[in-house]
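[1] Have a look at this fold, sequence not included:
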């Protein structure tokens, strides 16, 4: 049964059709992605399904509860983070309050009606997860990196933290259909991987707009591609979709070529024989020609060509960080950072949100205070890409932005902008109305003009569609300078970087290889003793860690048995309580025992959830 249906939907933007005759159906429990180039109308289609955008034609219907996460959600709740999230289950909080009221009545009043109400409400509260609600809230907050902000006021959160808070609220609500628009924005890699696991186990349906290819591979089993005003569905994850698209494109191209040759032969035959002895046959061929229509091969490539000029060779030693530390007031983000960048290095700077990755880049640019020493090598010229695009103007056109930073003439500027996807009248667009993807492409164009031989990149793939990400990856692979990049795009990291630098409060852990190799190393480190520790620790350390793992596994089994035992005891007490009629002293005693067992069960359940996160 479908939970979302779009039939022949059409939307206009500024009087021009964005898409027409778009139809799709999402089944209950199905997990699908909506992909396509920037500007194809993906977000517009989502909002049209929700009724926030007017449809020029067709209809969209949702059959069930729905939750929507926009790219820039607005969170206006008062109070602290924990209170803000738990209020999403106001129904359970209300049931909890009703239970307390009934408990008060049971202590002072008589009658079977109150007992029956209490028993029925207790059963409903437990069935809907009321007793595990607080533990679930803590689990979601921890998974999305907000465990340290539980008691912080919502008004003091950053924009990225508010986005994560909105996602927490949505996951706790657990609607039958989740519609997520770029949900991995503002998440670090640990939070993205936690979200992948959560969504894989989610019982409801998902419709996700995302350019994170790794994320889509691990969460969806169907892909809808919106392009050139049309939509088409594919079975499988994102990698399977890419393969099917490639096969489809080759098949269509071959068929188009075959048909074009056939049309050319028929046209040549008609031209030669129209007035000759074979004129009758020529008229028959002409009739065939009228029935044949050339196959239009859609070109996904928009003629873009991203490049990164290095503007001259630097010395072999490009950048040295020595005992680098950054503090704000009494809070130290990190200390004892050591890094030696050599010419040609491509290094990814990873770490949890809030650890100071962007701040470290700004310290290298002398835009943030630091302790320690930062040394640049000979002939090093830095070019910086900011994820917030603060280097872009707030007024003027795309053309004006390039005029202000170059001595190029207008025809040269237009040719350059065309390489970054701005054509014809698009070069006269106001900066203020550009989409996130357009701003990113313009920022990349300005980065090219800087001609730096040391690139500092802060989330360079944010807002870019898959095609543009691929072009950027190719450009960086061919770049002959040095790269230090902050990114949560794991596909990008595997394609571009050769070293991983993990930033922690105590310093940097440097790993030679791509992200996949780094991830495998970290998993091995978590499961056993790391290779580095094996070289410096005695075998007794191995035994100690194994014993610790064994103790943890044993504790989890003990907790599972304890929870089951407490559940059985609670069920028996509640059954006995339901049989009590007029003996209110016995009823209150049994009720108190039930509450004590519930507390013990909730504590055990919370410990079990924490141990299995």
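    Thanks, I have it. Model, not experiment: these values are computed from the prediction. Residues are numbered from 1 along each chain as shown.

[2] partner residues bridging residue 340?
    Legend: beta-bridge partners of residue 340 under DSSP bridges are residue 320.

[3] So what's the residue count around it?
    When neighbours are defined as other CB atoms under 10 Å, residue 340 has 13 of them. The C-beta positions use only the backbone N, C-alpha and C, and glycine is treated the same way.

[4] can you check residue 554 too?
    For residue 554, the neighbour count with other CB under 10 Å is 10.

[5] Three-state assignment for it, please.
    The local conformation at residue 554, judged by DSSP: H, G, I helix; E, B strand; the rest coil, is helix.

[6] where's residue 99 relative to residue 47, distance?
    40 Å (CB to CB, to the nearest Å).

[7] Check residue 36 too.
    Distance, residue 36 to residue 47, using CB to CB: 15 Å.

[8] Could you do residue 601 as well?
    Taken as CB to CB, the span from residue 601 to residue 47 is 43 Å.

[9] ok, now residue 593?
    53 Å.

[10] Surely residue 503 is in contact with residue 358?
    No - with contact defined as CB atoms under 8 Å, residue 503 does not count as touching residue 358 (10.7 Å).

[11] For those two, indicate the residue with more neighbours.
    Taking neighbours as other CB under 10 Å, residue 503 and residue 358 compare with residue 503 leading, 22 against 17.

[12] which regions of the stretch 201-350 of the chain lie under the pLDDT threshold?
    Within the stretch 201-350 of the chain, the segments meeting pLDDT under 70 span 276-277, 295-303.

[13] Can you show me the helices along it?
    213-219, 238-273, 279-291 (DSSP state H, counting those that start in this stretch).

[14] if we can go back for a sec, residue 36 and residue 47: who's more crowded?
    Comparing residue 36 with residue 47 by other CB under 10 Å, the one with more neighbours is residue 36, at 22 against 18.

[15] circling back: mean neighbour count for the helices of the stretch 201-350 of the chain - can I get that in a markdown table?
    Shown next, in a markdown table, are those (neighbours: other CB atoms under 10 Å):
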| stretch | mean neighbour count |
| --- | --- |
| helix 213-219 | 23 |
| helix 238-273 | 14 |
| helix 279-291 | 12 |
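
[16] which stretch among those helices comes nearest residue 562?
    helix 213-219 (33.2 Å; CB to CB).

[17] How about residues contacting the closest one?
    By CB atoms under 8 Å, 6 or more residues apart in numbering, the surrounding residues in contact with helix 213-219 are 31, 33, 35, 184, 192, 195-196, 199-200, 206, 208, 210, 223, 237-239, 466, 469, 489-491.

[18] what do you get if the cut-off is 7 Å, keeping everything else the same?
    31, 33, 184, 192, 196, 199-200, 206, 208, 210, 237-239, 466, 490-491 (CB atoms under 7 Å, 6 or more residues apart in numbering).

[19] now the strands for the stretch 301-450 of the chain?
    317-328, 331-342, 346-350, 371-376, 382-385 (DSSP state E, counting those that start in this stretch).

[20] Let me know the average pLDDT across the last one.
    Okay, so that is strand 382-385. When pLDDT is averaged over strand 382-385, the result is 93.

[21] who does that strand touch, helix- and strand-wise?
    Secondary-structure packing of strand 382-385 (3 or more CB pairs under 7 Å, 6 or more residues apart in numbering; DSSP states H and E): helix 436-450, strand 454-458.

[22] gap between the first one and the chain center?
    In this case it means helix 436-450. 22 Å (CA atoms, centre = their mean, to the nearest Å).

[23] now the angle from that helix to strand 454-458?
    With axes from the mean of the first three to the mean of the last three CA atoms, to 10 degrees applied, the angle from helix 436-450 to strand 454-458 works out at 170 degrees.

[24] How many residues are close by residue 294?
    9.

[25] hang on, residue 114 packs against residue 106?
    Yes - assessed by CB atoms under 7 Å, residue 114 is found in contact with residue 106 at 5.6 Å.

[26] Quick check: phi and psi on residue 142?
    Backbone torsions for residue 142, taken as degrees, to the nearest 10, come to phi -70, psi -40.

[27] so what's residue 28 up against?
    Applying CB under 7 Å, 6+ apart, the residues near residue 28 are 1, 3, 205.

[28] are any of those residues buried, and which?
    3, 205 (16 or more other CB atoms under 10 Å).

[29] Contacts for stretch 576-583 next, please.
    In contact with stretch 576-583 (CB under 7 Å, 6+ apart) are residues 112, 119, 586-587, 590-591, 594.

[30] got a pLDDT number for residue 542?
    On the pLDDT scale, residue 542 gets 47.

[31] and stretch 114-125, which residues are buried?
    For stretch 114-125, the buried set under the neighbour-count rule, 16+ other CB under 10 Å, comprises 114-115, 117-118, 121-122, 125.

[32] Can you read off the pLDDT for the nearest residue to residue 350 once chain neighbours are set aside?
    In space, and not counting its chain neighbours, residue 350 is closest to residue 502: 5.1 Å by CB to CB, 6 or more residues apart in numbering. Residue 502 carries a pLDDT value of 93.

[33] Isn't residue 502 up against residue 352?
    No - Residue 502 is beyond contact range of residue 352, at 9.6 Å (criterion: CB under 7 Å).

[34] list residues touching both of residue 114 and residue 106?
    Going by CB under 7 Å, 6+ apart, no residue sits against residue 114 while also sitting against residue 106.

[35] Of the contacts of helix 213-219, select the buried ones using a PyMOL command.
    The buried subset of the contacts of helix 213-219, as determined by 16+ other CB under 10 Å, is captured in PyMOL by this line:
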select buried, resi 31+33+184+192+196+199+206+208+210+237+238+466+490+491
